[in-house]
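Trainee: One predicted model, sequence on top.
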Amino acid sequence: MQDQERRLFEAIGEMREDEAIELARGLLDGGADPLRVLELCREAMETVGKRFQCGEYFLPELILAGEMLEKIGAMAKPLIQTGAGGEAKKLGRVLIGTVQGDLHDIGKNIVTFMLDINGYEVKDIGIDVPAAKFVEEIREFQPAVVGLSGFLTLAFDSMKETIAAIEAAGLRDGRRIMIGGGQVDETVRGHTGADAFGTNAMTAVTLCRGWIGG
């Protein structure tokens with residue numbers, strides 16, 4: 001990790017918002033890969049999440065971290081889209097959101113960006129999304145794939161409840177559900193009832209390619 005990258009990682013982890021924004025801007029203006037900058041943000045959020053879980057950070061810090069990363073994402077996203085070489089034919093619809101009880105969004109945002117530039121029509125419904133909202137959005141948007149995001153371990157039960165609500169509404173058949181987040185693994189996938197899990201953005205793209213083409 002280069003010095004400027006390390007400083008960005010530490011600034012996010014230590015909640016130094018102004019410094020983090022300036023460092024991210026400097027990296028992007030200097031030609032750094034925007035996906036690399038976002039990956040650094042995701043790694044820093046793992047530190048924030050661990051500090052939250054051990055009681056060192058609290059909800060206000062999670063909210064501040066989310067706001068910080070939203071600003072960095074807003075700088076990085078246009079650069080990712082510019083590098084994609086123009087509009088691509090949309091391959092299929094993907095609905096994605098962070099489940100209820102979790103405010104993390106940088107991983108979700110990276111997945112959204114990667115699916116978008118790989119030709120999928122993505123609808124991001126945000127963070128702390130109740131199961132009923134997922135059901136409502138699925139009815140309206142009619143996605144082929146639903147992505148449930150969550151970093152905190154408490155999100156796993158929310159994922160399970162959301163998938164159960166989707167099934168109860170009769171919206172599971174013919175539709176694939178993937179989950180992702182900091183601690184997600186095969187055990188968590190089995191607990192939630194999802195079709196698959198991903199540990200990074202490219203896994204999500206690979207899953208969508210296998211399910212709906214691309």
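Mentor: That came through fine.

Trainee: Tally up the residues packed near residue 165, please.
Mentor: When neighbours are counted by other Cβ atoms under 10 Å, residue 165 registers 18. Just so you know, the C-beta spots here come from the backbone N, C-alpha and C atoms, and that holds for glycine as well.

Trainee: cool, the one 5 residues further on as well?
Mentor: When neighbours are counted by other Cβ under 10 Å, residue 170 registers 9.

Trainee: distance of it from residue 138?
Mentor: 10 Å (Cβ to Cβ, to the nearest Å).

Trainee: Same question for residue 144.
Mentor: With Cβ to Cβ as the criterion, residue 144 and residue 138 are 11 Å apart.

Trainee: what do those two both touch?
Mentor: Shared contacts of residue 144 and residue 138 (Cβ atoms under 8 Å, 6 or more residues apart in numbering): residue 175.

Trainee: mind listing the helices for this structure?
Mentor: 3-13, 17-29, 34-53, 59-82, 106-117, 131-141, 155-168, 186-192, 201-212 (DSSP state H).

Trainee: Just name the most buried of these.
Mentor: For these, average neighbour numbers computed from mean count of other Cβ atoms under 10 Å are highest in helix 106-117, which has a mean of 24.

Trainee: Could you list the low-pLDDT ranges of this structure?
Mentor: By pLDDT under 70, the low-scoring segments of the chain are 1, 81-89, 214.

Trainee: residue contacts, residue 193?
Mentor: Contacts of residue 193 by Cβ under 8 Å, 6+ apart are 160, 163, 164, 167, 177.

Trainee: how close does the first one get to residue 49?
Mentor: I take that to be residue 160. 20 Å.

Trainee: how does this structure divide up, domain by domain?
Mentor: Split into domains by automatic domain parsing, the chain comes to 3-82, 93-212.
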